[in-house]
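*Asks:* Pasted the sequence and its predicted model underneath.
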Amino acid sequence: MDAVPPRPGVFNADMRLKAVFEAALDGIVTISERGIIEMANPAAARMFGYEDAGELIGRNISMLMPQQHAAQHDHYIQRYLDTGHKRIIGIGREVPGLRKDGSVFPLRLSVSEIKLEGRSMFTGIVHDLTLEKKAALELQQEKERAQQYLDIANTIIVVISSLGIVELLNDKGCEVLGYAESDVLGQDWFQTAIPAELQDETRSVFRRMMNGEMAILDYYESDIVTRNGDRRLIAWRNAPIYDDAGAIRASISSGVDITEQRAAEDRIIRLNAELEQRVDQRTEELAGAVNQLLNINKKLEHEIQERRAVETALRNSEQELRRAYEKEKELSELKSRFVSMASHEFRTPLSTILSSADLIEAYTREEQQEKRAKHTGRIKSSVSNLTGILNDFLSLSKLEEGKVGVQPGLFRLLPFLETTADELSGLLKPGQKIYKHLPEHDLEMFSDQKVLKNILFNLLSNAIKYSEAGSRIDCTVEPEGDRLRISIKDEGIGIPQEEQQHVFTRFFRAHNAENIQGTGLGLNIVKRYVELLGGSINFESELGKGTTFVCLLPIKM
Ligand code: ATP
Ligand code: MG
């Protein structure tokens with residue numbers, strides 16, 4: 001080709017063509033009929049890893065193809081040359097390219113035939129597909145990964161177009177429905193998966209959601225029917241898929257098969273109800289039993305109370321019986337002690353009486369009157385002694401039986417004391433003397449004279465009896481507030497310390513008094529009398545030195 005000199009300022013067609021050829025992003029290669037490269041632009045050289053087109057020109061086009069492909073290419077060229085078959089010409093075929101470094105890459109090849117000066121030439125336009133291929137591969141991988149996620153998901157995932165056609169159903173969905181994905185893709189979802197009697201309603205709701213008449217239900221439960229006619233209850237969650245224009249073009253739903261769960265729930269609810277019923281029944285039975293128990297309890301309690309009352313009554317009567325028995329025992333003891341005491345105490349006066357009576361009988365003469373009188377005196381005093389013992393015993397049994405009542409009266413104290421002391425003077429031993437310390441002024445008492453006399457008589461007779469001839473006895477009487485203090489002090493044998501606690505017990509007799517006559521009843525009677533008059537009695541005593549009894553009695557009882 002001859003070069004035409006360009007006109008200044010104007011690009012001629014050749015120059016433009018050349019510029020396009022040089023600057024084109026796709027590669028342009030021209031080969032002869034024999035496959036020899038006649039022209040190549042820089043893009044083509046770059047694409048195949050050569051520095052410039054010069055490295056390509058004059059060489060066979062097969063240098064740009066992997067070996068196997070080159071052989072095929074040769075075969076095509078041969079057939080072309082042999083038969084004029086134009087199969088070599090094509091638009092946008094994807095073929096492999098071979099780079100200078102030996103690596104293979106995908107390219108799109110469009111070939112056109114040019115007849116120039118009776119000779120055929122072929123121009124190939126090559127476009128590197130490496131990047132596009134890579135992007136497509138990545139997209140594919142991405143899709144596969146997404147599908148994997150969908151398939152791994154344990155929920156049914158289904159995409160339904162706005163016309164109700166299934167666009168996607170994941171593995172779980174296929175498993176539940178019993179179809180292969182290919183069976184359902186492109187099919188009507190409602191006919192495929194919804195039970196016949198629900199199809200119309202479900203479809204109409206779906207249609208209204210798709211055309212925006214109602215909001216997409218975020219959650220609902222519905223029955224589906226599987227390939228073999230089973231029904232499953234699915235809980236669905238839905239979301240719209242929009243097209244580029246922002247209109248809803250499909251819905252994606254994820255569903256969980258809750259058939260078993262619901263059945264279990266129903267069973268639990270049923271069991272619960274049954275259980276409640278049974279509990280109610282049992283509670284009623286129990287309440288009945290409890291009521292029965294309560295009644296029995298009440299009866300038992302009543303019985304127990306009755307029994308207790310009977311027991312108490314028994315115990316009381318037993319106590320009464322025991323008390324009566326004790327009393328009886330005491331009395332019989334008292335009697336036997338009295339009998340033994342009497343047989344002992346009566347013996348002396350009785351033998352005195354007997355011997356005196358014998359002697360009186362012997363004193364027959366007139367002049368023996370004095371002796372007779374002496375013995376009748378002895379007899380008298382022995383009898384009064386016996387009378388005294390019997391009186392003591394009588395008053396004791398009267399006291400025991402609670403028959404002694406006080407009969408208080410007004411009397412003057414001093415005359416009363418004088419006569420009482422006088423009455424006792426017959427008992428005094430030779431040389432014994434009672435010293436009376438009486439109040440200066442007489443005073444009036446309101447008490448039982450007989451009882452008071454008995455008290456004084458007993459205390460003074462003890463003082464006389466338990467001290468030697470010639471000893472002194474002090475009887476001091478003085479008012480002390482509203483009481484009268486009577487103290488009787490002797491210088492006699494005293495009461496042994498260890499026996500003092502028994503002094504007021506009846507029949508008590510101290511060991512140092514064994515040889516002195518007495519019944520042991522006197523002080524017991526005194527104590528009871530003092531109490532009858534509302535007073536108290538105490539004593540102090542020292543063995544061999546003497547004893548003092550002190551009485552405190554109300555002046556006006
Ligand atoms: P009864 O008074 O009945 O004739 P009794 O004098 O023996 O007999 P209580 O007057 O009750 O009986 O006295 C009990 C005992 O207390 C006496 O036997 C004696 O041992 C002792 N006793 C009482 N008074 C005195 C006293 N003043 N001095 C020493 N001992 C006394
Ligand atoms: Mg006495």
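*Replies:* Sure thing, it's come through. Ligands and ions are numbered 1, 2, ... in the order given.

*Asks:* just how off-centre is the host helix or strand of Val279 within its chain?
*Replies:* Assigned by DSSP states H and E, Val279 belongs to helix 259-345. Averaging C-alpha positions (CA atoms, centre = their mean, to the nearest Å) puts helix 259-345 31 Å from its chain's average.

*Asks:* what does stretch 225-232 give?
*Replies:* Centroid displacement of stretch 225-232 relative to its chain, using CA atoms, centre = their mean, is 53 Å.

*Asks:* can you list contacts of it?
*Replies:* Applying CB atoms under 8 Å, 6 or more residues apart in numbering, the contact partners of stretch 225-232 are 176-179, 193-196, 223-224, 257, 259. Using the backbone N, CA and C atoms, a C-beta is placed for each residue, glycine as well.

*Asks:* change it to 7 Å
*Replies:* Applying CB atoms under 7 Å, 6 or more residues apart in numbering, the external contacts of stretch 225-232 come out as 176-179, 193-195, 223-224, 257, 259.

*Asks:* Of the residues you listed, which is the nearest to ligand 1?
*Replies:* Thr259 (113.4 Å; CB to the nearest ligand atom).

*Asks:* Make sure Met445 is actually in contact with Leu413.
*Replies:* Yes. Met445 is within contact range of Leu413, at 5.3 Å (criterion: CB atoms under 7 Å).

*Asks:* May I ask which helix or strand encompasses Val477?
*Replies:* Judged by DSSP H and E, Val477 forms part of strand 472-480.

*Asks:* Downstream of that strand, the next helix or strand is which one?
*Replies:* strand 483-489.

*Asks:* Show me which positions of that next one end up buried.
*Replies:* Buried positions in strand 483-489, judged by neighbour count with 16 or more other CB atoms under 10 Å: 483-484, 486-489.

*Asks:* Quick check: can you name the pairing partners of that strand and their directions?
*Replies:* Counting by DSSP bridges, the strands paired with strand 483-489 are strand 472-480 (antiparallel), strand 546-554 (antiparallel).

*Asks:* residues near the residue of the stretch 151-300 of the chain found nearest ligand 1, how many?
*Replies:* Per CB to the nearest ligand atom, Leu300 is where the stretch 151-300 of the chain lies closest to ligand 1, at 58.7 Å. Number of residues near Leu300 (other CB atoms under 10 Å) recorded here: 11.

*Asks:* That one: what's it in contact with?
*Replies:* Here Leu300 is in contact with no residues (criterion: CB under 7 Å, 6+ apart).

*Asks:* Just the pLDDT at it, thanks.
*Replies:* In this model, Leu300 is scored at 94, pLDDT.

*Asks:* Against Ala313, how distant is it?
*Replies:* Leu300 sits 20 Å away from Ala313, going by CB to CB, to the nearest Å.

*Asks:* Would you mark the buried spots in the strand holding Val477?
*Replies:* For strand 472-480, by 16+ other CB under 10 Å, it's 473-477.

*Asks:* Next, format the strands paired with strand 483-489 as TSV and append distance to ligand 2 and mean pLDDT.
*Replies:* Formatted as TSV, these follow (distance: least, CB to the ion, whole Å; pLDDT from 0 to 100):
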stretch	distance to ligand 2	mean pLDDT
strand 472-480	14	96
strand 546-554	11	97
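
*Asks:* Let me have those strands in TSV, adding distance to ligand 1 as columns.
*Replies:* Formatted as TSV, these follow (distance: least, CB to the nearest ligand atom, whole Å):
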stretch	distance to ligand 1
strand 472-480	9
strand 546-554	4
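
*Asks:* Between those strands, which one is closest to Arg108.
*Replies:* Proximity to Arg108 (CB to CB) singles out strand 546-554 among the strands paired with strand 483-489, at 150.7 Å.

*Asks:* hmm, who's touching the closest one?
*Replies:* The contact list for strand 546-554 (CB under 7 Å, 6+ apart) reads 447, 455, 459, 482-492, 494-495, 530, 533-541.

*Asks:* sec struct for the residue of the stretch 51-200 of the chain found nearest ligand 2, please.
*Replies:* Across the stretch 51-200 of the chain, the shortest distance to ligand 2 (CB to the ion) belongs to Asn154, at 120.3 Å. Reduced to three states with DSSP: H, G, I helix; E, B strand; the rest coil, the structure at Asn154 is coil.

*Asks:* Without its sequence neighbours, what residue ends up closest to it?
*Replies:* Excluding the flanking residues, the one nearest Asn154 by CB to CB, 6 or more residues apart in numbering is Lys172, at 6.1 Å.

*Asks:* That neighbour reaches Thr155, doesn't it?
*Replies:* Yes. Assessed by CB under 7 Å, Lys172 is found in contact with Thr155 at 6.1 Å.

*Asks:* ok, back up a step: select from the contacts of stretch 225-232 the one having the most neighbours.
*Replies:* Highest count within these by other CB under 10 Å belongs to Ala193, 28 neighbours.

*Asks:* what sits against the nearest residue to it once chain neighbours are set aside?
*Replies:* Leaving aside its sequence neighbours, Ala193 sits nearest to Ile224 (CB to CB, 6+ apart; 4.7 Å). Counting by CB under 7 Å, 6+ apart, Ile224 touches 177, 193-194, 232, 234.

*Asks:* out of those residues, which are inside strands?
*Replies:* Here DSSP state E is the test, and the contacts of Ile224 give 232, 234 as lying in strands.

*Asks:* Kindly present the contacts of Ile224 as CSV, with separate columns for pLDDT.
*Replies:* Converted to CSV, the contacts of Ile224 look like this (pLDDT from 0 to 100):
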residue, pLDDT
Leu177, 94
Ala193, 95
Ile194, 95
Arg232, 94
Ile234, 95
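
*Asks:* Can you tell me which of the contacts of Ile224 comes closest to Gly124?
*Replies:* When the contacts of Ile224 are compared for distance to Gly124 (CB to CB), Leu177 wins out at 51.6 Å.

*Asks:* is stretch 522-535 anywhere near ligand 1?
*Replies:* Yes. Counting by CB under 6 Å from any ligand atom, ligand 1 has neighbours in stretch 522-535: 522-524.

*Asks:* Can you point out the buried residues in that stretch?
*Replies:* Across stretch 522-535, burial judged by 16+ other CB under 10 Å covers 522-530, 532-533, 535.

*Asks:* Same check on stretch 501-517?
*Replies:* Residues of stretch 501-517 classed as buried: 503-504, 506-508, 510, 512-513 (neighbour count, 16+ other CB under 10 Å).

*Asks:* of all the residues you listed, which comes closest to Leu321?
*Replies:* The nearest one, if we look at the buried residues of stretch 501-517 relative to Leu321 and count by CB to CB, is Arg506, at 24.6 Å.

*Asks:* Locate the residue nearest to that closest one when sequence neighbours are not counted within the secondary structure: which element?
*Replies:* Excluding the flanking residues, the one nearest Arg506 by CB to CB, 6+ apart is Asn524, at 3.9 Å. Assigned by DSSP H and E, Asn524 belongs to helix 522-532.

*Asks:* contacting residues around that helix?
*Replies:* With contact meaning CB under 7 Å, 6+ apart, helix 522-532 is reached by 392, 395-396, 399, 404, 406, 451, 454-455, 458-459, 462, 503-506, 536-537, 551, 553.

*Asks:* swap in stretch 336-347?
*Replies:* Stretch 336-347 has contacts (CB under 7 Å, 6+ apart) with 386, 389, 393, 507, 517, 519.

*Asks:* anything in that stretch sitting right up against ligand 2?
*Replies:* No. Residues of stretch 336-347 are not located near ligand 2 by CB under 5 Å from the ion, the shortest gap being 11.9 Å.

*Asks:* Which parts of that stretch count as buried, going by neighbours?
*Replies:* Going by neighbour count (16+ other CB under 10 Å), the buried part of stretch 336-347 is 338, 341, 345.
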